[in-house]
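In: no sequence on this one, just coordinates:
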């Protein structure tokens, strides 16, 4: 096992860490699939309002890559299709009928995986609706189904961003599916790199025969693209694939059973909750069913991580590939004469407050900016926390000056989109968003 030491990571303890128990959440009456959250695809519907669907029925596919399909996680009727600007499909709402009728997909025996061709396994994953769990670097796009698989893949068991499902929790009762998934990935890719957080001794013991790397560092050390950056030996590896440990379980379940896996483990976290915990939910579950009896009327609901998630609401749904729901305080009060106070209870990445002298304790996270946007003052705090050694402030200035070539020469494509540069920016500049939008624009230009 190789040890990777990731520098410039950040540890901000946050109140509301979920317990390790798993609560089973009943399937909500309405389930949604949100195509617009999947980057770079152009969704085309395979159903219309009023159609009946089974578990595993095709709901939509990518217009540019018709083999890339997304399936229904429930059996029921297409209740509504919600369109946004330019007829973008935002929501496909399925009303469950309570039945468990399923479409069948190709299943493999354990002994068949090694003897199967890459094309057979790839076709099974594509038709089973799980090709979308793969990321291709450096743009984090869903790989084109026509791409060859003569590449490496990076499997990350842990996600350091507060708070995502812990590997020791989601591996419970799923080891057979995980092992089957890993075996399938080894048949598909040149090299399978499996990383676990160095501090996670439990998972290291459970997977001692499979883990290839122990990763030291806080967030975002265990993001797949950070893992890739610290392990790669040549530029040829920049187009490697990435996948999370829980998605490996889903692939293993699909290939072993021939059924579309409909459930997943998520976290419900935040200081405003009565019971932060892990939940087992259906794909596309309603946020209201996830929150249950929690009162969030005066709080911000975030789907995904604290630094990279999206604001949502109780009436919305969980998106494909989202594994956490956070509730953050919106009770923002004016701190009278705050600039005179020592700030023993305020988090700081610099030495602005005296809290930097004290042991870090969990803080109550809220959504205040604590200041207004202003021009960059070249404080270099963003570069001090960049795990891949970039200087986000200089890349941002190049992009504002329409000098993308210069930004690329400074390593813009190595950006992991972790959001930490935005978090520490004293000028409140959305550095991560600026770089992400430029990368997205470049991808679209290259794939017209």
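Out: It's in. Computed from a predicted structure; not experimentally measured. Numbering: from 1, shown residues only.
In: how close does residue 304 sit to residue 241?
Out: From residue 304 across to residue 241, the span is 21 Å (C-beta to C-beta, to the nearest Å). C-beta: built from backbone N, CA, C; applies to glycine.
In: didn't residue 274 look like it was pressed against residue 296?
Out: No - applying C-beta atoms under 8 Å, one finds residue 274 not in contact with residue 296, separated by 11.1 Å.
In: of those two, who's got more company?
Out: Using other C-beta atoms under 10 Å, the more surrounded residue of residue 274 and residue 296 is residue 296, with 19 against 9.
In: which residue is the nearest non-sequential neighbour of that one?
Out: residue 327 (5.4 Å; C-beta to C-beta, 6 or more residues apart in numbering).
In: and the nearest residue to residue 139 once chain neighbours are set aside, which helix or strand is it part of?
Out: Leaving out its chain neighbours, the residue that sits closest to residue 139 by C-beta to C-beta, 6+ apart is residue 443, at 4.4 Å. Secondary structure assignment for residue 443, by DSSP states H and E: helix 431-446.
In: ranges for the helices of the stretch 251-400 of the chain?
Out: Listed in chain order, the helices of the stretch 251-400 of the chain (DSSP state H, counting those that start in this stretch) span residues 287-291, 381-384, 392-400.
In: tabulate these in TSV, adding columns for mean pLDDT, distance to residue 106 and mean neighbour count.
Out: What follows is the helices of the stretch 251-400 of the chain, written out as TSV (pLDDT from 0 to 100; distance: least, C-beta to C-beta, whole Å; neighbours: other C-beta atoms under 10 Å):
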stretch	mean pLDDT	distance to residue 106	mean neighbour count
helix 287-291	94	32	18
helix 381-384	94	48	20
helix 392-400	97	45	20
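In: quick one: contacts for residue 300?
Out: 311, 327, 328, 329, 330, 367 (C-beta atoms under 8 Å, 6 or more residues apart in numbering).
In: need the max-distance pair from the residues you listed.
Out: Longest distance between any two of those is 13.6 Å, between 311 and 329; criterion C-beta to C-beta.
In: so between these two, which is more surrounded?
Out: For residue 311 against residue 329, the residue with the higher neighbour count under other C-beta under 10 Å is residue 329, and the figures read 17 against 12.
In: pull the contacting residues for that one.
Out: With contacts taken as C-beta under 8 Å, 6+ apart, residue 329 has the following neighbours: 271, 272, 299, 300, 364, 365, 366, 367.
In: rerun that using 6 Å as the cut-off
Out: Contact criterion C-beta atoms under 6 Å, 6 or more residues apart in numbering gives 272, 299, 366 as the residues in contact with residue 329.
In: beta-bridge partners for the last one, please?
Out: Here residue 366 sits in beta bridges with residue 329, going by DSSP bridges.
In: distance check, it against residue 326.
Out: Using C-beta to C-beta, residue 366 is found at 12 Å from residue 326.
In: okay, and the common contacts of those two?
Out: With the criterion set as C-beta under 6 Å, 6+ apart, the contacts of residue 366 and residue 326 do not overlap.
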